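[1] here is my input; please provide its structure:
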Amino acid sequence: MPATPTPSSKETFPSTFWTANVTELFERGAYYAMASFVVLYLGQLGLGKYWPSNLNGILWTLVYFLPILSGTIADLVGFKRSLLVAFVLLAVGYFLMGYPVWFGGQILSETVGEDVTAGTAVVLPVMLAIILIGMGGSVIKPCISGTVQKTAGTRATLAFAIFYMVINVGSLFGRGVSYYVRTHWDLSYIFAVSMGCAVVAFFSVLFLYRDPDTLPGVAPSTKPRRSIGRILLDMVLVMKNVRFALFLIVSSGFFFIYSQVYNVLPLYLKKVVETNPAVDIYTMANPFVIVFFQLLVTKLFGKMKPIRSIIVGIVIIGISMLINLYPIFSSGGVRLTMFDLLPLGSLFIVLTVALIAFGELFTSARTYEYIGALAPKGQEGLFLGYANLPMAIGSLIGGPAGAFIFNEIMCHNAVKLESGLLDLDPTWNAAGWLILMAIGLISALSMWLYNRWLRSLDAKV
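    From the prediction side, this is the model:
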C-alpha cells in the first residue's frame, strides 16, 4: 500500500499568518523608530534629567505588564477588533508625543536640560501618549503571537522562527527610516514615522486580517475564557508561589541592565560623547546580532541546561557594561574619533549593545523553558502567562535607577565644555559602569544561588 503523505508535507501557512507577521513588522517598526530617542526627546522638551527616564520606564512597564489583562480581553472580543483598537491607540499616542513640537509651539533644545522647564502644554500630551502607547502595545503582543500559534499547524517551530525574524526585521526597518527622517527634518518626526507605521498596520488588519478561529481547518480554542476577576485571582495564586515570585525578582536584574540601552546609553552618548549621536543606528547592533547569530547560538548551546544558559546570558550583559571602561582610560578618551567614522566612546557603546544581544540570545527563550519546568504540574500555561513580568519589573526600576546612576554618579564632578558636552571625572564615570556591571553579576550569582536552593528543596522531598 503506498505511503500516505503526512499533512505537514503539503501544509502551507494561511494568508492570515503572513498578514499577522506583516502587521508585527510595522508595529515593531513603529516602536523602535522612537524607542532609542525617547529619553533624549523628552529631555530636549524640558522634562529635566529624571522624568524622561521615569516615563520611559513606565512605558516599557505598561507594554510588558498589561498583556496579562489585554490578552484576555482580546480573547473575549476577538483578535481583529482588538488589533484595530490597539493601532488607533498607538497612532493617537505617537501623534501626541510629537504634538508639543508640531502644534504646541515647543522648540527642542539642542541639549538635554537639567531642570524641568516644560509646562502643562507639554506634560499632559506626553503623559497621555505614554499611557496610550503602553496600552496599545500591550494588546499587539498576545494577538499576533496567538495568531501565529493558531495558524502554525504542525510547523510551530518554523512559524515562530519566522515570527521572531520579522520582529527583528521590523526593528531594523523602524530604526533605519527613523534615521533618515530625523536627519532630514528634526527629532520630533520620529513619531511621525511611528504613527505612519501604526496607520499602515491598521489598514493591513482592516482589509487583510481574519480572526484565526474563523479560518477553515483551524480548530476554535477550547481553553476556557477567563474573566478579569479570574485573572486577578490567578495573579494572587501565582505570586503566592514563593519559587516563582523569587525567580521574578532574581531574573529582573537582567532586564534592569537591558533597559539601560534605552536610558543610560542614549544619555551617555548625547551628553558625554557626541552632540548628535546616531543612537538609532548604534542600537541596530541588537537586531543584527539576533538575526545573524540566533541559529548559531541555538546550534552550539541549545543543549545547555536552561538555568546555566540564563546565568551565562546575565554574565554577558554584566560584562557588556565593563568594556566601557576602556575608552575612559585610553589616551584619546571617549571622544577620540576612530577611522574617521565615530568616537571611541560610541564604538564601545555599539559593542555594548551587541554583547547585550548575545546575552539576550542565551537568556530570553530559555527563561520560558525554565518557567515551564518551575510551574506546578498542570499550571504551566498559567505561569508562562506571567513570563514577561521580569521585563516589567526591570523596566520600572531601571528607568529612575538608570537616571540616578548617570546623573549622580557618572556625572559627579563633571565639567561642561564649550561644545555643550560634559567632561566626566574618569573615576566617577568608571564607577557608574562598574555599578551597572555589578548589578548584572550579582543577578547572575543570585540566579545560581536560587537554583541551588531549589535543588536542595527538591532533594528533601
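
[2] now do stretch 367-385: distance to the chain's middle.
    Stretch 367-385 sits 22 Å away from the centroid of its parent chain (Cα atoms, centre = their mean, to the nearest Å).

[3] contacting residues for residue 241?
    Each residue near residue 241 by Cβ atoms under 8 Å, 6 or more residues apart in numbering is listed here: 376, 383. In short, each C-beta sits where N, CA and C put it, glycine included.

[4] let me know the pLDDT of it.
    You'll see residue 241 listed with a pLDDT of 83.

[5] now swap in residue 451 and tell me
    We have a pLDDT of 89 for residue 451.

[6] just residue 225 next, same as before
    On pLDDT, residue 225 comes in at 61.

[7] centre of the chain to the helix or strand hosting residue 431, how far?
    For residue 431, the host element (DSSP states H and E) is helix 426-460. The chain centroid and the centroid of helix 426-460 are separated by 22 Å, computed with Cα atoms, centre = their mean.

[8] one more: stretch 304-319?
    From the chain centre to the centre of stretch 304-319 is a distance of 18 Å (Cα atoms, centre = their mean).

[9] please identify the buried residues of it?
    Neighbour-count burial for stretch 304-319 flags 306-307, 309-319 (criterion: 16 or more other Cβ atoms under 10 Å).

[10] what does that stretch contact?
    Contacts for stretch 304-319 (Cβ under 8 Å, 6+ apart): 251, 253-254, 257-258, 301, 355-356, 358-364, 366-367, 369-370, 373, 436-441, 443-444, 447-448, 451.

[11] pull that stretch out as PDB, backbone CA atoms only.
    What follows is stretch 304-319, C-alpha atoms only, in PDB (Å, rounded to 0.1, in the frame of the first residue of the first chain):
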ATOM      1  CA  MET A 304      22.900  23.700  27.700                       C
ATOM      2  CA  LYS A 305      20.600  23.500  30.700                       C
ATOM      3  CA  PRO A 306      18.200  26.400  30.800                       C
ATOM      4  CA  ILE A 307      19.400  27.700  34.200                       C
ATOM      5  CA  ARG A 308      23.100  27.600  33.000                       C
ATOM      6  CA  SER A 309      22.200  29.400  29.800                       C
ATOM      7  CA  ILE A 310      20.300  32.100  31.700                       C
ATOM      8  CA  ILE A 311      23.300  32.700  34.000                       C
ATOM      9  CA  VAL A 312      25.700  32.900  31.100                       C
ATOM     10  CA  GLY A 313      23.400  35.500  29.500                       C
ATOM     11  CA  ILE A 314      23.300  37.600  32.600                       C
ATOM     12  CA  VAL A 315      27.100  37.400  33.000                       C
ATOM     13  CA  ILE A 316      27.500  38.500  29.300                       C
ATOM     14  CA  ILE A 317      25.200  41.500  29.900                       C
ATOM     15  CA  GLY A 318      27.200  42.400  33.000                       C
ATOM     16  CA  ILE A 319      30.500  42.300  31.100                       C
END
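
[12] quick check: mean pLDDT of that stretch?
    Average pLDDT, stretch 304-319: 92.

[13] what does stretch 82-101 give?
    Here stretch 82-101 scores 97 as its mean pLDDT.

[14] picking up where we left off before, if any of the contacts of stretch 304-319 are buried, put those into a ChimeraX selection.
    In ChimeraX syntax, the buried subset of the contacts of stretch 304-319 is picked out as below (16+ other Cβ under 10 Å):
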select :251,253,254,257,258,355,356,358,359,360,361,362,363,364,366,367,370,436,437,439,440,441,443,444,447,448,451
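
[15] just to revisit the earlier point, which strands and helices lie in contact with the helix holding residue 431?
    Contacts defined by 3 or more Cβ pairs under 8 Å, 6 or more residues apart in numbering; DSSP states H and E place helix 426-460 against helix 242-258, helix 306-322, helix 325-329.

[16] out of the ones you listed, which is closest to residue 119?
    Closest approach to residue 119 among the helices and strands packed on helix 426-460 is made by helix 242-258 (32.1 Å; Cβ to Cβ).

[17] give me the domain ranges for the protein.
    With automatic domain parsing as the criterion, the domains of the chain are listed as 13-211, 238-461.

[18] determine which stretch of those domains is the most buried.
    Among the domains of the chain, the stretch with the highest mean neighbour count (mean count of other Cβ atoms under 10 Å) is domain 13-211, at a mean of 20.

[19] and the strands in the chain?
    All strands of the chain, identified by DSSP state E, fall at 337-338, 342-343, 415-416, 422-423.

[20] looking at those strands, which is closest to residue 88?
    Closest to residue 88 of these, according to Cβ to Cβ: strand 342-343, at 39.1 Å.
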